[in-house]
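Trainee: pasting the sequence and the predicted model now:
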Amino acid sequence: MSFVFGIWGCQHELPETDLSIRLIEKMMEVSPTGSIDYYRLPRETDYVTIPQDPGNPLSKSKVELGKFLFHETGIGLDAAHPSGMQTFSCASCHVASRGFKPGRIQGIADGGMGFGHEGELRFKQDLYEEFELDAQPIRPLSVLNSAFVTNTFWNGQFGAGGVNEGTEDLWGQSIEGTEVNHSGFSGIEAQNMEGLKLHRMLVTEEIADDLGYRELFDSAFPDYADPEERYSNETASLAISAYLRSLITNRAPFQEFFRNGYLAPTMSDAEKEGALLFFGKAGCVRCHNGPSFGSMEFHALGVNDLKEHPEAFVTPEFHKKYLGRGGFTQREEDMYKFKVPQLYNLKGNGVYFHGSSKSSIRAVVEYFNLGIPENTEVPESQISHFFHPLDLTEDEIDKLTLFIEESLYDPDIYRYVPEALPSNNCFPNADPISKIDLNCE
């Protein structure tokens, strides 16, 4: 007996028991649209299909400029000490090989020294006090597939629309910096407009000239006639946002699997069985239900916060970040709830959860399988109803881990990293130790 399955204008005959057929049927069953195309990620150059802000339409020139600026250490000009000047970039805390997240438990931009191989050996400069560091109070989310995120940060505080509709009275009140939402931009754009200032970066016409970016700004923003507006933090943030929207993990085996036809041998049987668990018994898709396996839902899982980690630097913003969505909305029902993250390119990150409390993907799967909160400060009443024992066997844990590690891993992520900058500066860091680590000398 055979099963005839039509998809994208093609038909193939396979046994009904084939894992590929079972997986596609399961995906169709849980897909919000009833089609597996819902989980298909666009090409990084498909500037029509990639979700974008109408006020910041994507273009090749804008993405190219953003790619350079994201890695440019030369714009790090508002450092707390002269020793930190022009030594850090956005990529200091978003390392490509670590899924565009920090190489250590916590990102450090201004005030950091060293890089190692993947940012794992970054440490505090002696001249900086702990409170002076630009160190993240919470482990950042990956910027991969961020085009599918309407409101950014673990608490969704940035972005005028989406889940922030109706919170206008809180913008700039509950959390400093969120007044940028009044610009009307989506999460990525709003976050970067505030982020360049917050992370001590500066772009002016003189700086653009000195670093070799004038022509790139001219090409990306021809409608900005005033030089003060064309070469500015605003246009730089829009370019960086365009670049981030182009970071699509469309070469992962899972993407190749259903884009090129389910006969393509891009996933092993064990990975397909792990995918069936993801969409079925394990229930991962209940929360990780977007095209990038993230969502704009907020859930409390009771994981430990970064303050509990012995290697964390404590900054003034620590406490507020641990309240999650509630820290922004001030609503009791939102306390300790965090945004559901995307799941691509987690392999090799080495640190997981917003508090960096787990060191492997398998440990994360085991935490969900056990279904017991580890953070006693989170009230039981706030814990997500989806967080409960899953009763997975050790073999099922292995296969679900394999699916997340391998099937959702785009191996060609370095296509999004420039070979060199127009300024010829060292990147992602340019302090003396990093230059040695990165062979920039």
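Mentor: Thanks, I have it.

Trainee: what comes up buried for stretch 64-81?
Mentor: Buried residues in stretch 64-81, counted by 16 or more other C-beta atoms under 10 Å: 64-76, 78-80. The way it works is simple: take the backbone N, C-alpha and C, and place the C-beta from them, glycine included.

Trainee: equivalent analysis for stretch 131-146, please.
Mentor: 132-146.

Trainee: now do stretch 96-108: distance to the chain's middle.
Mentor: Computed by C-alpha atoms, centre = their mean, to the nearest Å, the chain-centroid distance of stretch 96-108 equals 10 Å.

Trainee: how long is that stretch end to end?
Mentor: In stretch 96-108, first residue to last residue: 15 Å (C-alpha to C-alpha, to the nearest Å).

Trainee: go on, stretch 259-266?
Mentor: With C-alpha to C-alpha as the measure, stretch 259-266 spans 11 Å from end to end.

Trainee: so His299 bridges to which residues?
Mentor: For His299, the beta-bridge partners under DSSP bridges are Phe338.

Trainee: read off the pLDDT value for it.
Mentor: Model confidence at His299, expressed as pLDDT, equals 98.

Trainee: ok, Ala430 - contacts?
Mentor: Counting by C-beta atoms under 8 Å, 6 or more residues apart in numbering, Ala430 touches 73, 86-88, 440.

Trainee: closest one to Tyr213 out of those residues, please.
Mentor: Distance ranking of the contacts of Ala430 against Tyr213, using C-beta to C-beta, places Thr73 first at 13.2 Å.

Trainee: can you count the residues close to Tyr243?
Mentor: Tyr243 has 25 neighbours, counted by other C-beta atoms under 10 Å.

Trainee: which SSE is it in?
Mentor: Per DSSP states H and E: Tyr243 is located in helix 233-245.

Trainee: so where is this protein shaky, pLDDT-wise?
Mentor: Residue ranges of the chain with pLDDT under 70: 1-17, 260-265, 316-318.

Trainee: nearest residue to the middle of it?
Mentor: Ser142 (1.9 Å; C-alpha atoms, centre = their mean).

Trainee: now do the helices in the stretch 251-400 of the chain.
Mentor: Secondary structure of the stretch 251-400 of the chain, counting by DSSP state H, counting those that start in this stretch: helices at 253-259, 269-279, 318-321, 325-329, 361-370, 394-402.

Trainee: thought the residue nearest to the centre of the chain was touching Phe100?
Mentor: Yes. Between Ser142 and Phe100 there is a contact under C-beta atoms under 8 Å: 5.1 Å.

Trainee: shared neighbours, the two?
Mentor: What both Ser142 and Phe100 touch, as defined by C-beta under 8 Å, 6+ apart, is the set 94, 345.

Trainee: and the nearest residue to Ile240 once chain neighbours are set aside, how far from Gly76?
Mentor: Excluding its sequence neighbours, the residue lying closest to Ile240 (C-beta to C-beta, 6 or more residues apart in numbering) is Gly66, at 4.5 Å. Gly66 sits 16 Å away from Gly76, taking C-beta to C-beta, to the nearest Å as the criterion.

Trainee: next one: Ala363
Mentor: 34 Å.

Trainee: how close does Ser360 sit to Ser142?
Mentor: Taking C-beta to C-beta, one finds Ser360 at 17 Å from Ser142.

Trainee: follow-up on the earlier one: which of the contacts of Ala430 tops the neighbour count?
Mentor: Per-residue neighbour counts (other C-beta under 10 Å) across the contacts of Ala430 peak at Phe88, which has 31 neighbours.

Trainee: that one against Asn429, yeah?
Mentor: Yes. Applying C-beta under 8 Å, one finds Phe88 in contact with Asn429, separated by 6.0 Å.
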